[in-house]
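>>> Quick one, fold the following:
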Amino acid sequence: MCGIVGYIGNKQAITHIYPALMALQHRGQDAAGAVTYSSGFHLKKGNGLASNVFNEKNIARLQGTMGIGHVRYPTIGHRHQEDAQPFIINAPYGIALAHNGNLVNYFDLKKSLMTQNLRYFNSQCDAEVILNLLAIELSKANLRNLKAEIIFKALSGVYESLIGSYAVVVVIADQGLLAFRDPLGIKPLVFASQGTDHCFASESVALDLLGFTDIKDVAPGQAFFIDMEHKRYTEQIVNVPEKKHAACIFEYVYFARPDSVIDGIGVYEARLRLGKVLGDQIRNMSDIMP
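Take a look at the predicted model:
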């Protein structure tokens, strides 16, 4: 599993992205990366901890008030540097994407994209598959006048193809910041807005560190788009009954920080309750065992 962050506002994006990645470092220590946008993409990524990948010199190069970041724990692919995120594709517009999750149908999708759509892949990472799918769906639209509803319609096609868990942040060059979460809400994604600053992250602790206060969960199957004028749009791409919400248990047991809140549930409190249930089960077993 991994940690992601996305920011758009009036400040330099990297001043939010780098601290957020440090707060999410527990979610992945194999690789880290960030991309910002200002009249072009500025990318830095590599293997290792965020503190090793980033330094004063390359942070200064990551200019722009919109960007995304990633820390990686590999579930598909290898620990090669080419699997580090974010990924960038040059058309349409130019799109950069970072992803947390695991696509069950990754190999089938990759094979189809290569044979049917003649797509070339530089990595063994499922984020690159999502990026290409999004590019293909967006290319079907009127690209001269990209609006939020067009992006959400393209996302509907992406959702139809993906099977598995995913929380995704995307920069679309000169258009805005996109974020979306899988229909079952398996992987967490939170957001907060303060004035013209908008930020998304895998866990609330990252937004706490950045000083955001009104932190909310992106709902399962929900997408957000923040345009270059900082206007926020949201759409429920897939409607899923609440009883089918299938949050990853390992977020509460292992992945998330104890001081995070996921889907309104404090991780520390969840661990206490899980421990109590487990203790009760063990005590009941001891009562019936000889």
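>>> Please count neighbours and contacts with C-alpha atoms only from this point.
OK.
>>> Give me the neighbour count for residue 140.
10 (other Cα atoms under 10 Å).
>>> Excluding chain neighbours, what is closest to it?
residue 154 (8.0 Å; Cα to Cα, 6 or more residues apart in numbering).
>>> Doesn't the one you found belong to a strand?
No: the assignment for residue 154, made by DSSP: H, G, I helix; E, B strand; the rest coil, is helix rather than a strand.
>>> can you give me the mean pLDDT across the longest helix along the chain?
In the chain, taking DSSP state H as the definition, the longest helix is helix 267-288. Across helix 267-288, pLDDT averages out at 86.
>>> same deal with stretch 114-133?
Stretch 114-133 comes out at a mean pLDDT of 94.
>>> list the buried ones in that stretch?
123, 124, 125, 126, 127, 128, 129, 130, 131, 132, 133 (16 or more other Cα atoms under 10 Å).
>>> what do you get for stretch 85-95?
Going by 16+ other Cα under 10 Å, stretch 85-95 has these buried residues: 85, 86, 87, 88, 94, 95.
>>> before we move on, the earlier item: show which residues not belonging to the longest helix of the chain make contact with it.
252, 253, 256, 257, 258, 259, 260, 261 (Cα atoms under 8 Å, 6 or more residues apart in numbering).
>>> Please apply the same query to stretch 84-94.
Contacts of stretch 84-94 (Cα under 8 Å, 6+ apart): 31-35, 45-47, 68-72, 95-99, 127-128, 131-132, 135, 138-139, 143, 172-174.
>>> What is the distance between that stretch and the centre of its chain?
Distance of stretch 84-94 from the chain centroid (Cα atoms, centre = their mean, to the nearest Å) equals 15 Å.
>>> Quick one: residues contacting residue 1.
Contact analysis of residue 1 by Cα under 8 Å, 6+ apart lists 27, 28, 72, 73, 74, 75, 100, 101, 102, 255.
>>> Can you add pLDDT, neighbour count and secondary structure and give these back as a markdown table?
Output for the contacts of residue 1, formatted as a markdown table (pLDDT from 0 to 100; neighbours: other Cα atoms under 10 Å; DSSP: H, G, I helix; E, B strand; the rest coil):
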| residue | pLDDT | neighbour count | secondary structure |
| --- | --- | --- | --- |
| 27 | 95 | 25 | helix |
| 28 | 92 | 22 | coil |
| 72 | 92 | 30 | strand |
| 73 | 83 | 22 | coil |
| 74 | 72 | 21 | coil |
| 75 | 67 | 15 | coil |
| 100 | 96 | 28 | strand |
| 101 | 94 | 24 | strand |
| 102 | 93 | 23 | strand |
| 255 | 89 | 18 | helix |
